[in-house]
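Colleague: Pasting the sequence and the predicted coordinates here, then a few questions.
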Amino acid sequence: MGAAQFTPEIWVSAGRGVRETADDLARGVDAFCRAMDERPFGQDDLGRALFEGHPEAGMPGFARLRNDLLADLVVAVNLLRRMAAGLVVAGDSYAEAEAASIGIPYAPSRPTWLTDPEEYRPEPGPSGLPTTTPPPDFVSQAIWFLESVGCGAAWPDADLDGVTRLRDAATALGRVVGDVQEQIAGQAGRVTKAGLGPATAAFGQATRAVHGEPGQLADLRRRCEHLACCAQIAYDAIVKARWRFVASAGFVLTLMLVAKLLAPRLGPLLDVVVRRLLRAEGLALRIILLIIRQAALGAMFSGGLSAIDQLFATGDIDAARLTRDLYHGALAGGLMAGAHAGLPALLRRGGPALTGLAEAMESATWERAFTRILAGGTVSTTVLATAGWAGGAGWNWKHSAEMGFGMAVLSTGAALASRAWPVPSYAGLTGRAWKQSPAKRWHDVKWALGILLITAPAVSAFALAKFVEDRKNPFFLQKRVGQFGRVFDLAKGRSMRTTKGEDSSLGGSDARRTRVGKLWAKTSLDEFVQLAYNVLYKGDMSVVNDRPLLAATRQETMEALGPTLGPRWDEADLAGKPGLFGPFPNKIVELGLQPKTAAFDLQRGYTGIWHDRTASLRSDRNILWEFITTYVRRIS
């Protein structure tokens, strides 16, 4: 009776239906792969954690869950294809045996792809999908650091629309798997209802392991839903992190405004209290008041950001952690204030450059803000990192730097907003008083470092090309007359074939220049090596002043000026350190002067005498800016 109920056509038809369902699942998996071929979580710490997880702690990220799901989906597609082939082959075999028993020939015609399916491989496949997030570039890291310093947190750079696409793709695949589960259950029901033999019973038991509620397809459907849920959780976490950024930035701005408003009111009261309790006067009183103010500001900064972090992370505040962060902030702020107050006095015991740095820390310019942020941030970072290590949290320099420099920025911003800084003592220096001041040396150092940061790659490239051209040292030293008539070695890039440093160049028409040397000299970058060697290392040149000359060239200029102006120019020119950029090169371009002419030498003398009277910080800045604009026009 069971044999009579076994219908081969039903098995073959069910096999075709299962194959169509398997192909539907394969198309759904391919669409899933195409949608998953992106990394929208961002390159910041939050995005990397959401995408990659924490493998060491056994916490898989989105990529691991996706890849595991995809691998099992591939297994399911291939299993369904083999199931379809088995149904078709079994139906054909039974029909062939039945036809042979009654003497009727049976010649089935089934395509190979149905009876012998090839293995399914998704496109682009598990190995083709991104599994890690590339590390962020330097610019991105710098931007995030500045955001953390200025706003208390970094803005997550995730693509929320991309995260939504991943969630929707996982949800759509879950629906496809659910439809496949229903289709397989229907095809299995057709087969099991058509016969009662052992083969039918075995088939029914096997298919229930695939389409049943505790079966493989049901598990895949639940995992698709779980992956979509993970994408939604990531979306919510990114949105929450962005609101945390807004809250932190608002808190920092509010704290700065509060410090500005309360300083004039609480300052005199605090002054009286400290005078009575500690009986301090003068500099000691000023340092104590500064330490108290900065300690309070540091405690509020650290404690406030800690409370915001905890509220957004857990919705609650841990009193012990908040107390610890308040203490660390107060300690870092107090020591930062001590550094601000004590460093200038210590620096003045050093050389001219350190003395200039001390004056910059107490000036009324942006240099005061920059140097105080740098010094205060360094001290606060060290204190916070050490406190974290002592508390058993290890050395977290990144977080400590963000908090430490954040305190320094807040402190400096509050000071800028609450009062006007006094004009620096060197702002009114002119003439030789400015050219010989320690403050000018400090400006030389910072300007040289800034220009070298931009020009060093190009200078290095020319030096390498010059060495390749003739296999000789691309640099040389030339004797020049410096401050107070002292002879020093001037460093230059070698533009000629050979030189002993005894004569000057004849300009662009000098036949001794090589091809590389001519281009090097045309860009004026052959002179920029003086920033490193003569300005920073030897200290015998300035960034802005008249150029150093050969002894013979000095004599020519004095003769051109005559017996009255010649000695006057000579004295003025030797009063300060010679510079890389001066007012005379700008005059050469402005007046179209030609070297080795009387007009050229006369203008050099007139400009030198004028600059000796008018030199100042403002004029140095104007000369430097005028040279930059003239240089850009000449090169372009």
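Modeller: Arrived safely.

Colleague: Let me know the next secondary structure element after the helix or strand containing Gly377.
Modeller: According to DSSP states H and E, Gly377 maps onto helix 366-390. Sequence-wise, the next helix or strand downstream of helix 366-390 (DSSP H and E) is helix 397-418.

Colleague: Flag every buried residue along that next one.
Modeller: Within helix 397-418, the residues scored as buried using 16 or more other Cβ atoms under 10 Å are 400-415. For glycine as for every other residue, the C-beta is placed from the backbone atoms N, C-alpha and C.

Colleague: what's the answer for stretch 182-190, then?
Modeller: Those would be Gln183, Ile184, Ala185, Gln187, Ala188, for stretch 182-190 by 16+ other Cβ under 10 Å.

Colleague: Likewise for stretch 302-318?
Modeller: Buried-residue list, stretch 302-318, by 16+ other Cβ under 10 Å: Ser302, Gly303, Gly304, Leu305, Ser306, Ala307, Ile308, Asp309, Gln310, Phe312.

Colleague: Stretch 91-101 now?
Modeller: Neighbour-count burial for stretch 91-101 [16+ other Cβ under 10 Å]: Gly91, Asp92, Tyr94, Ala95.

Colleague: what mean pLDDT would you report for it?
Modeller: Mean pLDDT, stretch 91-101: 72.

Colleague: Tell me where the model's unsure across the stretch 451-600 of the chain.
Modeller: Of all residues in the stretch 451-600 of the chain, those with pLDDT under 70 make up the ranges 498-511.

Colleague: Give me the domain ranges for the chain.
Modeller: 2-120+159-240, 280-423, 432-635 (automatic domain parsing).

Colleague: any idea which helix or strand carries Leu561?
Modeller: Element membership for Leu561 (DSSP H and E) is helix 551-574.

Colleague: Please name every helix or strand in contact with that helix.
Modeller: Helix 551-574 sits against strand 475-481, helix 598-614, with contacts defined as 3 or more Cβ pairs under 8 Å, 6 or more residues apart in numbering; DSSP states H and E.

Colleague: okay, the angle between it and strand 475-481?
Modeller: Interaxial angle, helix 551-574 versus strand 475-481 (axes from the mean of the first three to the mean of the last three Cα atoms, to 10 degrees): 60 degrees.

Colleague: by how many degrees do helix 551-574 and helix 598-614 diverge?
Modeller: Using the same axes, to 10 degrees: helix 551-574 against helix 598-614 is 20 degrees.

Colleague: neighbouring contacts of the first helix or strand past helix 551-574 going along the chain?
Modeller: Using DSSP H and E, the helix or strand that follows helix 551-574 in sequence is strand 579-581. Residues outside strand 579-581 that contact it (Cβ atoms under 8 Å, 6 or more residues apart in numbering): 527-528, 530-531, 535, 541-547, 623-624, 627.

Colleague: tell me which of those residues is nearest to Pro122?
Modeller: Comparing the contacts of strand 579-581 against Pro122 with Cβ to Cβ places Phe528 closest, at 57.0 Å.

Colleague: Quick one: low-confidence residue ranges for the stretch 251-400 of the chain.
Modeller: Those would be 262-286, 340, 350-354, 356-357, 359-367, if you go by pLDDT under 70 across the stretch 251-400 of the chain.

Colleague: what about the residue nearest to the spatial centre of the chain, which helix or strand?
Modeller: Most central in the chain under Cα atoms, centre = their mean is Gln141, positioned 2.0 Å from the mean C-alpha point. Assessed by DSSP H and E, Gln141 sits inside helix 138-151.

Colleague: what's next to that helix, contact-wise?
Modeller: Helix 138-151 is contacted by residues 43-44, 136, 153-155, 157, 245, 248-249, 252, 377, 401-402, 405-406, 409 when judged by Cβ under 8 Å, 6+ apart.

Colleague: Would you agree Ala341 is in contact with Ile292?
Modeller: No: using Cβ atoms under 8 Å as the test, Ala341 is too far from Ile292 to be in contact (11.9 Å).

Colleague: sorry, back to before: could you point out which of the domains of the chain sits nearest Met256?
Modeller: Proximity to Met256 (Cβ to Cβ) singles out domain 280-423 among the domains of the chain, at 5.2 Å.

Colleague: Report the distance from that closest one to the chain centre.
Modeller: On the basis of Cα atoms, centre = their mean, to the nearest Å, domain 280-423 is displaced by 23 Å from the centre of the chain it belongs to.

Colleague: Let me know the distance separating Asp620 from Thr630.
Modeller: 16 Å (Cβ to Cβ, to the nearest Å).

Colleague: who has more neighbours, those two?
Modeller: Shown here are Asp620 and Thr630; by other Cβ atoms under 10 Å, Asp620 has more neighbours (25 against 15).
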